[in-house]
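**Q** Coordinates only, no sequence provided:
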């Protein structure tokens, strides 16, 4: 079966590896001329780590990652709202640089399966096959086309029609720093709350600390890379340690800034021999750190369905039906968590502090298990 994957990000590379595990030989077409070291940190929660372990990458990921075993919610003055340990799920929760995860995935694929500098332009269904068109006049015939080309997916636009993503009211900055003095408790993630602003911190392994920040602002607010650090220093000035230390230890030009977007639930994910995966079909706000993890889950279930069912159409519809409810639920939880996290105004922030402090640890652990316990290789396909 000839399988073409559009997009060489985490989801596309994971799909290629999962398909190879099932005996296929997919090709990945990526528009970038080379896979650069872009991105800051990425969480690999237990639900995604199980897939990577099945793909033979667990050891390499662990060697580059920092473990996360507990988390704390704090006020911007350092007041602790809640401290809790993560539930035991049989798989670790870790975080690492996104570039390290991408390099691990890419290194496990044959070089011949990755085609760089290929900008997807569209597809046509003809004679029982799909013909994908790329810039420069390249056309590739295949039996299955997988759109893993991200938030502004061109495959999605042709399958589901026009319509942009929805801005959720805040921007997100991400960075990686090395602190001279360890000011963080080991294996712990922090989330610090203020009025319309949040700051998250976690270990990335190899002596690095990953951080992210959010602030409410109008969509399209201009900001150059040189302005990132000064702006964050103003927004988070006076906050508890290690917030200001991390911003100060990160070169402004290395900080990434994105708007928080997602999309409404898609009624369908594909048609014929074409389907979508990851952010192309269910982009998520970053609040639960599950965007990449959901794409990795998609990859495993897609590969299993193509291996099990006769005919691409039947296999792809089975994949979509198995994944839709799960992805929709996690996207909805992430959107709600972010909305509460971005509350501003004295009354709202005081209410949020009481809510966070009052969550019983048993309830929090149960909610985490709903996400963490999922095993893409154990679910019935």
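**A** On my side now, so go ahead. What you see is a predicted model, and the numbers here were worked out from it, not measured in a lab.
**Q** Wait, residue 373 touches residue 47, no?
**A** Yes: assessed by CB atoms under 8 Å, residue 373 is found in contact with residue 47 at 7.3 Å. Bear in mind the C-beta positions are built from the backbone N, C-alpha and C, glycine included.
**Q** Between those two, which is the more surrounded one?
**A** Between residue 373 and residue 47, counted using other CB atoms under 10 Å, the more crowded position is residue 47 (23 against 15).
**Q** Am I right that that one falls within a strand?
**A** No: the assignment for residue 47, made by DSSP: H, G, I helix; E, B strand; the rest coil, is helix rather than a strand.
**Q** OK, contacts around it?
**A** Contacts for residue 47 were tallied using CB atoms under 8 Å, 6 or more residues apart in numbering; they are 91, 293, 297, 371-376.
**Q** 7 Å - rerun?
**A** The contact partners of residue 47, taken as CB atoms under 7 Å, 6 or more residues apart in numbering, are 293, 297, 371-372, 374.
**Q** do you know how far the residue lying farthest from the centre of the chain is from residue 141?
**A** Ranking residues of the chain by C-alpha distance from their mean position (CA atoms, centre = their mean) puts residue 127 at the top, at 36.2 Å. Using CB to CB, to the nearest Å, we find residue 127 at a distance of 9 Å from residue 141.
**Q** Strands of the stretch 1-150 of the chain, start to end?
**A** According to DSSP state E, counting those that start in this stretch, the stretch 1-150 of the chain carries its strands in the segments 3-6, 27-30, 41-44, 66-67, 70-75, 80-85, 94-97, 114-116, 120-126, 129-134, 138-142, 144-147.
**Q** Could you give me the ChimeraX selection string for whichever of the contacts of residue 47 are buried?
**A** In ChimeraX, this line selects whichever of these come out buried by 16 or more other CB atoms under 10 Å:
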select :293,297,371,372,374
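**Q** Poorly predicted segments of this protein, please.
**A** Residues of the chain meeting the criterion pLDDT under 70: 181-183.
**Q** Which helix in it has the most residues?
**A** Using DSSP state H to define each element, the chain has its longest helix at helix 312-341.
**Q** after that one, next one along is what?
**A** helix 346-358 (DSSP states H and E).
**Q** relative to strand 70-75, how tilted is whichever helix or strand comes after that next one?
**A** Toward the C-terminus, helix 346-358 is succeeded by helix 361-372 as the next helix or strand (DSSP H and E). Relative orientation of helix 361-372 and strand 70-75, computed by axes from the mean of the first three to the mean of the last three CA atoms, to 10 degrees: 120 degrees.
**Q** Buried residues, helix 361-372. List them.
**A** Residues of helix 361-372 classed as buried by neighbour count (16+ other CB under 10 Å): 364, 368, 371-372.
**Q** about what we covered before: may I see the strands of the stretch 1-150 of the chain organised as CSV, with mean neighbour count and distance to residue 344 added?
**A** What follows is the strands of the stretch 1-150 of the chain, written out as CSV (neighbours: other CB atoms under 10 Å; distance: least, CB to CB, whole Å):
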stretch, mean neighbour count, distance to residue 344
strand 3-6, 27, 39
strand 27-30, 23, 39
strand 41-44, 26, 26
strand 66-67, 19, 31
strand 70-75, 19, 14
strand 80-85, 16, 17
strand 94-97, 24, 28
strand 114-116, 16, 43
strand 120-126, 16, 40
strand 129-134, 18, 45
strand 138-142, 15, 49
strand 144-147, 30, 37
